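1. pasting the sequence and the predicted coordinates here, then a few questions.
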Amino acid sequence: MATTRWPTTTPTPRRPRAVPALTAGTFDVESVAFPKLRTGGELVELKVRAPAERVVMLTR
């Protein structure tokens with residue numbers, strides 16, 4: 001039987017980083033996917049078509 005060793009260091013807080021986002025409005029949806037998560041749930045992924053001027057960067 002294999003033993004899993006967990007890290008003993010405390011996790012460091014994440015630094016804020018910029019991620020792409022879309023401004024409010026309606027967009028053309030190209031595809032929808034429902035990938036399964038390892039924890040048993042589902043995620044909804046949308047592939048949308050949006051003009052470049054509607055893309056903004058948010059800090060999260």
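-> Ah, there it is. Numbering: from 1, shown residues only.
2. what ranges in the protein fall below the confidence cut-off?
-> For the chain, applying pLDDT under 70 flags the ranges 1-12.
3. which stretches of it form helices?
-> Per DSSP state H, the chain carries no helices over any range.
4. number of nearby residues for the closest residue to residue 45 other than its chain neighbours?
-> Nearest non-adjacent residue to residue 45, counting by CB to CB, 6 or more residues apart in numbering: residue 33, 4.3 Å away. All C-beta atoms are positioned from the backbone trio N, CA, C, and that covers glycine. Neighbour count of residue 33, defined by other CB atoms under 10 Å: 10.
5. ok, residue 33 to residue 48 distance?
-> 12 Å (CB to CB, to the nearest Å).
6. repeat for residue 19
-> Applying CB to CB to residue 19 and residue 48 gives a distance of 15 Å.
7. cool, residue 35 as well?
-> Following CB to CB, the distance that separates residue 35 from residue 48 is 17 Å.
8. ok, residue 31 touching residue 47?
-> Yes: using CB atoms under 8 Å, residue 31 is in contact with residue 47, at 4.4 Å.
9. wait, what's in contact with residue 52?
-> Contacts for residue 52 (CB atoms under 8 Å, 6 or more residues apart in numbering) come out as none.
10. wait, residue 21
-> So residue 21 contacts 55, 56, 57, 58 (CB under 8 Å, 6+ apart).
11. again, only using 7 Å
-> Counting by CB atoms under 7 Å, 6 or more residues apart in numbering, residue 21 touches 56, 58.
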